[in-house]
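A.B. asks: no sequence for this one, just the structure:
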């Protein structure tokens, strides 16, 4: 499912990417890639970090956050229901899985929010399609080839892949790159299992400036070369971060515990990576699920609570939020093999110092099920993602809307929901359309406080090529047609600056 | 009909075998025509291989897990399969066994007795070029599948839907070609089975009680066989498996027009695979130059293929076993029921780097972590298997052509020649010079570290 990059884009990026990497077999020296002038970077709130845990296989939500005072729950699941005496009491008649002791403690400390009954209309019950939906942020009937995090990272790193950021733009612990980080410009994530080993293995990777031929095989070669170039760029940064960083306590030996231990070191070591993806599998509990499900939640609970204490010890916890997701919940009724089949809505967990804590939304309604015997959702999962993007990662409303192609009302997950952006900023430059463009493109901008503005076209070296629009602008929206005749095809930047000191930059590709 | 030219033969062998040596390539050219090569070698039938050991007939028991025997036997089973791949010669069967293993994906983590997995693996071998419909019928009640997708102990009164969903979604029709109700009804038909000892048994008292069921709009008293027959009557069925074959053996983005042609062949032959495979490998479409070297090697193709190309006589199977895990393709342990997605999903920053680590290990005799690798290449002896071994430029070209299908630029060939010569004059090159061994190793490392080497 990896996105094919456009050949023209590719040629341009490869020319830049591999420009300074020696073609050789010894240790490959890193290179300072051409940086775009700082003033042209998009407006971002630095420092916040999102850690996503994917619960692969479809977590049984009803046995995770348990309606243990609801008789219907017990009649639907005579063999696998968890009694309230055994479970950990939350609020409003809901209970946490008995093995999630560490998470219960975080909940009591106000460091865990649980959003209940998250799903989307016409839910898909295939593992693979449903996982793609959750990774791309699409509705049930739309197939997207970009991950929602990939689209977010495009706003944060508009110059990728023409220039690579100093630190990895996203980190995935594991081996197979997730669709979550894919974009039409290529994958944003650096994927590895162990920082030192990764560095050691990358040494010896040659990179070269040859442009692959315009063949099917050439396209695949280009893909391989892009991976090689990014590995060469980031292996050293990651190793240095891990060497510098510390764990203040020892992590559980589970795979997830090990992953959290590495993330802790990287954050502690100063990596500015905004998004991490961790993974735990085994949730497809069709048969004899009790023991397995208990072990999974014990693992998660231990790893997450260790990490949270570690980050508090290091005064890093204010910057970090952990979010869980799974492709679907499971059927309300147990099946004949003491397990549960594929279902729909389920809870999502948010752990961090900045969450409000507590349950969000009504308890699962076991009476009003859909025609398939599955839970109806209360909140769309994209409401959750939008909330995280805006209230945690500081993305403005307009961009968040663009990412999901729709407006989603925020959920009260975080304490300091800055109802700020874009209200607090003074202007907004919308991405050019069409883009990539030929002939012309339409530029639109909004002014929220009267100011003198300047809208200009730049090349990637930061040279102003054309002043498109300027003058005193009252509050309102404006649009300008930009004639593209006479510009060579390639990547450009359009930038809006105002007398109030704001600047926003968008990438424009001329075909 | 396409001709048996050297590029056509290389393309065909690269896609249908786990690599090949120079000698095997010459042997293939000796068949004189593609038709003969396909009919007499690639698609030739052969008897089933003897089992890895007597444990295949040992009734599963918990004690085998507790003692660690089951784990040891899984390792033996894996080595056994690797030996099948190394000794496949010019026959396509083992590649198809892997195709079916990936198609009817089952994980050893859940099917933790290798006795079952061995049976399923032989079933795939038996049906490698056989009847797809009959294979689905047998797979549906095969112990491995019953365990993996929870048909085991599923009762008609509260059936487990796992297999019913996946047999339609992943094995025969594809998503969107059935309803949730079709799944629920089919789950009843597929109930009643249990794994006992080494086999599966049916118990009608555990089956569904309704007189008839309605599936795909048809009402009948379905049994497993008639259910599968009905599934195979759906239009999507032939296209679905042909699309998957296309992606595995031609190009990962299917050409729907050709897939439709393949599906017609398959339907016309009542789901017999051999006529379809023959059609595919003798078609002009397959040999279009644009498809050459457009396939990213899977880890087995990379590992077994590298060892065959280097003519390593006794490959270190422990190295293969361990590295397959790291490269994300442990045999008998696909990532989930959809199997390995393949192509670009093989490659991430980490697996790409490990691939380089693997090919290095064949040349240095050491893994990335220092573990010794048996069967380290005798570089000088290998070089001398090339008739041009003493003529530097021709030698480098010959080695490149035997290892890489992707057309390398003149600049890259020159770079590789420079790597071999390491500052000395081409005229002075000889495999008899003192440093020859190190230089050949450096050349081979460089070739196998090229991104082009990952393409077949």
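C.D. replies: Thanks, I have it. Quick caveat: nothing in here was measured; it's all calculated off a predicted structure.

A.B. asks: Compute the first-to-last residue distance for stretch A:121-138.
C.D. replies: This stretch, stretch A:121-138, spans 11 Å end to end (CA to CA, to the nearest Å).

A.B. asks: how far is that stretch from where the chain is centred?
C.D. replies: Mean-position distance between stretch A:121-138 and its chain equals 16 Å (CA atoms, centre = their mean, to the nearest Å).

A.B. asks: now that stretch: mean pLDDT?
C.D. replies: Averaged over stretch A:121-138, pLDDT sits at 94.

A.B. asks: Just the closest residue of chain A to chain B, please.
C.D. replies: Among the residues of chain A, residue A:336 lies nearest to chain B; the distance is 3.1 Å by CB to the nearest CB. No exception for glycine: its C-beta is placed from N, CA and C like everyone else's.

A.B. asks: backbone phi and psi for that residue, please?
C.D. replies: phi -80, psi 0 (degrees, to the nearest 10).

A.B. asks: Could you pull up the residues touching the residue lying closest to it once chain neighbours are set aside?
C.D. replies: Distance criterion CB to CB, 6 or more residues apart in numbering or on different chains; nearest residue to residue A:336, sequence neighbours excluded, is residue B:158 at 3.1 Å. Residue B:158 makes contacts with A:334, A:335, A:336, as judged by CB atoms under 8 Å, 6 or more residues apart in numbering or on different chains.

A.B. asks: ok, which stretches of the stretch 101-250 of chain B are helices?
C.D. replies: B:114-126, B:132-140, B:143-148, B:162-166, B:180-189, B:224-233, B:236-249 (DSSP state H, counting those that start in this stretch).

A.B. asks: do you know which of those helices lies nearest chain A?
C.D. replies: Closest approach to chain A among those is made by helix B:162-166 (4.5 Å; CB to the nearest CB).

A.B. asks: Can you list the helices and strands that the closest one packs against?
C.D. replies: With contacts defined as 3 or more CB pairs under 8 Å, 6 or more residues apart in numbering or on different chains; DSSP states H and E, helix B:162-166 has these neighbours: helix B:180-189.

A.B. asks: and the helix it packs on with helix B:132-140, angle?
C.D. replies: Interaxial angle, helix B:180-189 versus helix B:132-140 (axes from the mean of the first three to the mean of the last three CA atoms, to 10 degrees): 60 degrees.

A.B. asks: Helix B:180-189 and chain A, are they touching?
C.D. replies: Yes: applying CB under 8 Å from any CB of the partner chain, one finds helix B:180-189 in contact with chain A at residue B:180.

A.B. asks: Mind telling me which residue of the stretch 101-250 of chain B is nearest chain A?
C.D. replies: residue B:158 (3.1 Å).

A.B. asks: quick revisit: was I right about the residue of chain A closest to chain B contacting residue B:154?
C.D. replies: Yes: using CB atoms under 8 Å, residue A:336 is in contact with residue B:154, at 6.1 Å.

A.B. asks: between the two, which one's more packed in?
C.D. replies: Just comparing residue A:336 and residue B:154: by other CB atoms under 10 Å in any protein chain shown the higher neighbour count belongs to residue B:154, 30 against 19.

A.B. asks: Mind pulling the model confidence for the more buried one?
C.D. replies: Confidence at residue B:154, expressed as pLDDT, is 95.

A.B. asks: which residues touch it?
C.D. replies: Contacts of residue B:154 by CB under 8 Å, 6+ apart are A:335, A:336, A:337, B:160, B:163, B:187, B:190, B:191, B:192, B:193, B:206.

A.B. asks: at 6 Å instead, please
C.D. replies: B:160, B:191 (CB atoms under 6 Å, 6 or more residues apart in numbering or on different chains).

A.B. asks: That one and residue B:106, how far apart?
C.D. replies: Distance from residue B:154 to residue B:106, counting by CB to CB, to the nearest Å: 16 Å.

A.B. asks: Can you tell me the closest non-neighbouring residue to residue B:319?
C.D. replies: residue B:373 is the one closest to residue B:319 (CB to CB, 6+ apart), at 4.9 Å.

A.B. asks: any idea how far that neighbour is from residue A:294?
C.D. replies: Residue B:373 is 41 Å from residue A:294, by CB to CB.

A.B. asks: wait, the residue nearest to residue B:319 sits on residue B:315?
C.D. replies: No: the pair residue B:373 / residue B:315 is not scored as a contact, 9.4 Å apart, by CB atoms under 6 Å.

A.B. asks: Residue B:185 versus the residue of chain A closest to chain B, what's the distance?
C.D. replies: Plainly put, residue A:336 is 15 Å away from residue B:185 if you go by CB to CB.

A.B. asks: Residue A:444 belongs to a strand?
C.D. replies: Yes: the assignment for residue A:444 is a strand, going by DSSP: H, G, I helix; E, B strand; the rest coil.

A.B. asks: Give the full set of residues in contact with it.
C.D. replies: Counting by CB under 6 Å, 6+ apart, residue A:444 makes contact with A:430, A:479.

A.B. asks: and it, how far is that from residue A:435?
C.D. replies: Separation of residue A:444 from residue A:435 (CB to CB) stands at 12 Å.

A.B. asks: nearest spatial neighbour of the most centrally placed residue in chain B, skipping sequence neighbours?
C.D. replies: What sits nearest the mean C-alpha location of chain B, by CA atoms, centre = their mean, is residue B:98, with 3.4 Å. Take residue B:98 and drop its neighbours on the chain: the residue closest to it by CB to CB, 6+ apart is residue B:300, 6.7 Å away.

A.B. asks: give me phi/psi at the one you found?
C.D. replies: Torsion angles, degrees, to the nearest 10, at residue B:300: phi -70, psi -40.

A.B. asks: Mind jotting down where the helices sit in the stretch 251-400 of chain A?
C.D. replies: Using DSSP H, counting those that start in this stretch, helices in the stretch 251-400 of chain A cover A:255-268, A:289-313, A:381-387, A:397-404.

A.B. asks: How about the last one, which residues are buried there?
C.D. replies: This means helix A:397-404. Buried positions in helix A:397-404, judged by neighbour count with 16 or more other CB atoms under 10 Å in any protein chain shown: A:397, A:398, A:399, A:400, A:402, A:403, A:404.

A.B. asks: what do you get for the shortest one?
C.D. replies: By neighbour count, and taking 16+ other CB under 10 Å as the criterion, the buried residues in helix A:381-387 are A:381, A:382, A:383, A:384, A:385, A:386, A:387.

A.B. asks: Tabulate the residues you listed in a markdown table, adding columns for pLDDT and distance to residue B:212.
C.D. replies: Shown next, in a markdown table, are those (pLDDT from 0 to 100; distance: CB to CB, whole Å):
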| residue | pLDDT | distance to residue B:212 |
| --- | --- | --- |
| A:381 | 97 | 40 |
| A:382 | 96 | 43 |
| A:383 | 93 | 45 |
| A:384 | 95 | 44 |
| A:385 | 97 | 46 |
| A:386 | 94 | 49 |
| A:387 | 93 | 50 |
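
A.B. asks: Is it possible to get these out as a markdown table so that each row also shows distance to chain B?
C.D. replies: What follows is those, written out as a markdown table (distance: CB to the nearest CB, whole Å):
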| residue | distance to chain B |
| --- | --- |
| A:381 | 20 |
| A:382 | 22 |
| A:383 | 26 |
| A:384 | 25 |
| A:385 | 24 |
| A:386 | 27 |
| A:387 | 29 |
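
A.B. asks: Closest one of those residues to residue B:73?
C.D. replies: Nearest to residue B:73 out of the buried residues of helix A:381-387 is residue A:381 (CB to CB; 43.6 Å).
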